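Peer 1: could you look at this predicted model? Sequence included:
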Amino acid sequence: MTQMNVLVATIRAMPVITCPDCGRDVSPLATACPHCGRPSPSGFAAPAAPAAGAPALVEETLWKGSPSWRVLLAKIVVMVLTVILIPLVARFISSLIADIELSSRIKTIGWWLMALVLLYQIVTFLFALLRLQSTLYTVTNQRIMFEQGILSKSLSEIDLRSLDDTQFFQSFTDRILGIGNVTLVSSDKTLPVTLLRGVHDPRNLREIIRSRAYQVSQRQVFTRAT
């Protein structure tokens, strides 16, 4: 009688699984569900073993930005010089002419010439500024993306695992303005050499890219957002 009680207690202590057909509890030792007759219900409840391998790396944005408007500072300087120099040159030439009417015409021509040249410079400046603002660089812990285009958009990317070298360059003027260029050299056939132009603090950006490229050099499995 004692052995029977022990056997009943052991059976009750055993875990049970749920039959996927009828939803009732079934012993994992049963070869078929005693309620609906489904064969081997324990085989359907066994969890699949996780596949061995490198852990998935979830994509995170590390840096995002556009080329700085400061790269257009030279255009602004040229516009200022246009406003100052063309009228001054016209006034100087008119002062050398004794004919008052001709001298006045030269001054007028100087003002009109200044206005036309300035208008052209303003249009080219605004177009260049629009191109800068429509260019977006995004650095994640998996890739570097380049989005550009004013009306239509294009998107290119470099996998950090294919990155071979990174460089940055600052001219004297760039150092004063705090901007510069970062050059990326990769084994990517479509983008072997890519330039991140006029970015703020290029040294820091280059270090971010270099360190992340080193971390993913072990060929981790990537999980990317669509």
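Peer 2: Thanks, I have the structure now.
Peer 1: helices of the protein, start to end?
Peer 2: Listed in chain order, the helices of the chain (DSSP state H) span 2-13, 42-45, 73-95, 100-133, 172-177, 202-215.
Peer 1: those helices into CSV, with extra columns for mean neighbour count?
Peer 2: (Glycine included, C-beta is placed from N, CA and C.) Shown next, in CSV, are those (neighbours: other Cβ atoms under 10 Å):
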stretch, mean neighbour count
helix 2-13, 9
helix 42-45, 13
helix 73-95, 14
helix 100-133, 14
helix 172-177, 12
helix 202-215, 17
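Peer 1: ok, which of these comes nearest Val58?
Peer 2: Relative to Val58, the nearest member of the helices of the chain by Cβ to Cβ is helix 202-215, separated by 13.4 Å.
Peer 1: quick one: contacts of the closest one?
Peer 2: 62-63, 139, 141, 144, 160-161, 163, 166-170, 179-182, 184, 196, 199 (Cβ atoms under 8 Å, 6 or more residues apart in numbering).
Peer 1: give the PyMOL command for selecting the buried subset of those.
Peer 2: Selecting only the buried entries of the contacts of helix 202-215 in PyMOL, with 16 or more other Cβ atoms under 10 Å as the criterion:
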select buried, resi 62+63+139+141+144+160+161+163+166+168+179+180+181+182+184+196+199
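Peer 1: ok so, going back, lowest average pLDDT across the helices of the chain?
Peer 2: With a mean of 48, helix 42-45 has the lowest mean pLDDT of the helices of the chain.
Peer 1: among the contacts of helix 202-215, which lie within strands?
Peer 2: 62-63, 139, 144, 163, 166-169, 179-182, 184, 196, 199 (DSSP state E).
Peer 1: for these, which one is nearest Asp99?
Peer 2: Distance to Asp99, by Cβ to Cβ, is smallest for Ile179 among those, at 50.8 Å.
Peer 1: per-domain residue ranges of this structure.
Peer 2: Annotated domains of the chain cover 56-65+141-223, 71-132 [automatic domain parsing].
Peer 1: for Lys153, which of the helices of the chain is the nearest?
Peer 2: Closest among those, using Cβ to Cβ: helix 100-133, at 12.7 Å.
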